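Trainee: Give the three-dimensional model of this entry:
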Amino acid sequence: MKSRILEEMTGSECRSLHDILKNDVLGEFPNNSTVYGWLQKSHNQFDAVFTENYERARDIRADLLFEKMLNIANTPQTGTVTKIGGANGVEVTEADMIQHRRLQVDTHKWVLSRMKPKKYGDKIETTITGGDKPVQTVDYSKLSPEFLEELAKQADVNKSKS
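Mentor: Numbering: from 1, shown residues only. Alright, predicted model coming up:
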């Protein structure tokens with residue numbers, strides 16, 4: 001059962017854990033609380049091996065989503081476009097669904113940047129200079145989300161003081 005969940009995550013559909021559990025039409029998977037219990041160290045059902053395999057499956061899934069995004073971008077999809085109005089009333093033409101493909105690619109990019117920010121996120125750098133002080137460059141993509149959150153809190157505190 002655990003291996004089937006991981007297979008679904010790394011299969012051709014690149015399904016999320018939430019999707020796998022929510023759309024379990026065959027009733028082969030346990031409920032959400034059981035699976036998430038396997039992943040929580042503080043839970044009495046914690047499964048370290050499953051957690052390690054789950055993290056590996058998430059990495060594979062991210063890479064598969066990346067490959068899928070490239071395929072979407074490089075493969076035209078022909079569809080029909082219906083325009084109402086004009087002299088003929090209704091005009092139906094076949095065309096590449098470029099806007100639909102752009103939306104798919106942008107969505108994949110956004111998801112990947114959240115799933116694996118160090119690998120697929122935008123690299124953000126800040127260079128600080130000041131008089132006789134040395135130049136300091138910070139690569140925010142290498143910082144953990146927790147550290148970035150703490151930096152944001154500190155910035156908010158400093159704003160309120162001034």
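Trainee: Not counting stretch 75-95 itself, show me its contacts.
Mentor: In this structure, residues lying in contact with stretch 75-95 by C-beta atoms under 8 Å, 6 or more residues apart in numbering are Asp96, Met97, His100, Arg101. Just so you know, the C-beta spots here come from the backbone N, C-alpha and C atoms, and that holds for glycine as well.
Trainee: Check stretch 16-33 too.
Mentor: So stretch 16-33 is contacted by Met1, Arg4, Ile5, Glu8, Met9, Val35, Tyr54, Arg61 (C-beta under 8 Å, 6+ apart).
Trainee: before we move on, the earlier item: now intersect the contacts of stretch 75-95 with the helices, please.
Mentor: Residues of the contacts of stretch 75-95 located in helices (DSSP state H): His100, Arg101.
Trainee: Show the buried residues in the contacts of stretch 75-95.
Mentor: Those of the contacts of stretch 75-95 that meet the buried threshold are Met97, Arg101, by 16 or more other C-beta atoms under 10 Å.
Trainee: What's the local residue count around the closest residue in space to Met9 that isn't next to it in sequence?
Mentor: Excluding its sequence neighbours, the residue lying closest to Met9 (C-beta to C-beta, 6 or more residues apart in numbering) is Ala57, at 4.5 Å. Counted with other C-beta atoms under 10 Å, residues neighbouring Ala57 total 19.
Trainee: Let me see the ranges of the strands in this structure.
Mentor: 78-84, 90-96, 125-130, 133-139 (DSSP state E).
Trainee: Skipping adjacent residues, who's closest to Phe66 in space?
Mentor: Leu112 (6.1 Å).
Trainee: Distance check, the residue nearest the centre of the chain against Asn44.
Mentor: By C-alpha atoms, centre = their mean, the chain has its centre lying nearest to Val111, at 2.3 Å. Here the criterion is C-beta to C-beta, to the nearest Å. By it, Val111 lies 32 Å from Asn44.
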